[in-house]
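Novice: just a sequence and a predicted model for now, questions to come.
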Amino acid sequence: MIRAIRLGASVNRVLNDYGLKDKALIGRGAFSLVYDGGKASVYKLTVDGYSYGLMKNATGRHFPKIRRDYGIVGEIAINNIQHHLYLMKMERLQKLQAGGNARLQAMTITQSVSKYVRLSLAIQMIEHDKTFPKSILQALWQVQQYQVFSQENVLDMHMANFMQRESGTLIITDPLLDRPVWRARVDEERRKYGNADTPALIA
Ligand SMILES: Nc1ncnc2c1ncn2[C@@H]1O[C@H](COP(=O)(O)OP(=O)(O)O)[C@@H](O)[C@H]1O
Ligand SMILES: [Mg+2]
């Protein structure tokens, strides 16, 4: 586990500039801060350029709807290396509902990825199940295309990186990690706390 991203001086400046300081922090991960953006929206401030780029380019109903793209809004030092901070206003999503279809679909995907390691093979194995929604397979192929576009990312398909709409539709939120950012976070954790789990590297 990598600890949640820290709120340093550079992040505070961005929060001030974009009026996020007064908004409620509703989610926090190792790479992102998520702020309340009203009833149907959130602001996501992230250092993970890969998920940001994928969200901008992906199409179809299994990715979050982007309400506004602010682009690069600042910089953050991770393990003494500067990285960009990206900001988006996006659709507000819900956690996967226990016993719901979206949760079962996310489990099928994450289990296939851990078993077959390569995303392309994992998707092909899921395709054998003719009842699995074609629209989700299409979304997964988009992630796969984006992943092979460059070696500079890590596949990060675990259950916490899937969410759902109120309607129950599965949403893929951040399936890839920017590899240099991830590396810097892991090195920083190791330097400061002596250890950090690392996700399996998948080419
Ligand atoms: N669109 C969203 N709507 C509501 N909550 C969200 C949304 N995106 C992320 N979150 C919340 O913020 C937390 C961190 O987001 P995540 O995308 O997983 O960040 P990281 O890039 O650090 O992995 C998630 O666990 C989730 O609870
Ligand atoms: Mg995540």
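Specialist: Ah, there it is. Ligands and ions are numbered 1, 2, ... in the order given.
Novice: report the contact partners of residue 107.
Specialist: Residue 107 makes contact with residue 159, according to CB atoms under 8 Å, 6 or more residues apart in numbering. Any C-beta I mention is one placed from the backbone N, CA and C, and that applies to glycine too.
Novice: next, give phi and psi for it.
Specialist: phi -70, psi -40 (degrees, to the nearest 10).
Novice: can you list the low-confidence ranges for the protein?
Specialist: Scanning the chain for pLDDT under 70 picks out 196-203.
Novice: mind running it again at 50?
Specialist: 200-203 (pLDDT under 50).
Novice: name the nearest residue to the residue most central in space within it, ignoring sequence neighbours.
Specialist: Geometric centre of the chain, nearest residue: residue 174, 1.8 Å, by CA atoms, centre = their mean. Closest residue to residue 174 apart from its sequence neighbours, by CB to CB, 6 or more residues apart in numbering: residue 51 at 3.8 Å.
Novice: and the one you found, how far from residue 22?
Specialist: With distances taken as CB to CB, to the nearest Å, residue 51 is found 26 Å from residue 22.
Novice: out of these two, which sits in the busier spot?
Specialist: Counted by other CB atoms under 10 Å, residue 51 and residue 22 do not tie: residue 51 has more neighbours, with 28 against 9.
Novice: thinking that one is in contact with residue 181, fair?
Specialist: No - using CB atoms under 8 Å, residue 51 is not in contact with residue 181; the gap is 10.2 Å.
Novice: Three-state assignment for residue 126, please.
Specialist: helix (DSSP: H, G, I helix; E, B strand; the rest coil).
Novice: my read: it touches residue 112, true?
Specialist: Yes - the pair residue 126 / residue 112 is scored as a contact, 5.3 Å apart, by CB under 8 Å.
Novice: on contacts alone, who are the packing partners of the lengthiest strand in the chain?
Specialist: The single longest strand within the chain, with elements called by DSSP state E, is strand 66-78. Contacts defined by 3 or more CB pairs under 8 Å, 6 or more residues apart in numbering; DSSP states H and E place strand 66-78 against helix 9-17, helix 49-57, strand 81-91, helix 179-193.
Novice: export these to CSV and append columns for distance to residue 26.
Specialist: Below are the helices and strands packed on strand 66-78 laid out as CSV (distance: least, CB to CB, whole Å):
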stretch, distance to residue 26
helix 9-17, 14
helix 49-57, 17
strand 81-91, 12
helix 179-193, 21
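Novice: what's the most buried one of those?
Specialist: Ranked by mean neighbour count under mean count of other CB atoms under 10 Å, the helices and strands packed on strand 66-78 are led by helix 49-57, which reaches a mean of 21.
Novice: run the contact check for it versus ligand 2.
Specialist: No - Helix 49-57 stays clear of ligand 2 (CB under 5 Å from the ion), getting no nearer than 7.7 Å.
Novice: what's that helix packed up against?
Specialist: For helix 49-57, the elements it packs on are strand 66-78, strand 81-91, helix 134-148, strand 176-178, judged by 3+ CB pairs under 8 Å, 6+ apart.
Novice: beta partners of the residue lying closest to residue 49 once chain neighbours are set aside?
Specialist: Spatial nearest neighbour of residue 49, chain neighbours left out: residue 178 (4.7 Å); criterion: CB to CB, 6+ apart. For residue 178, the beta-bridge partners are residue 153 (DSSP bridges).
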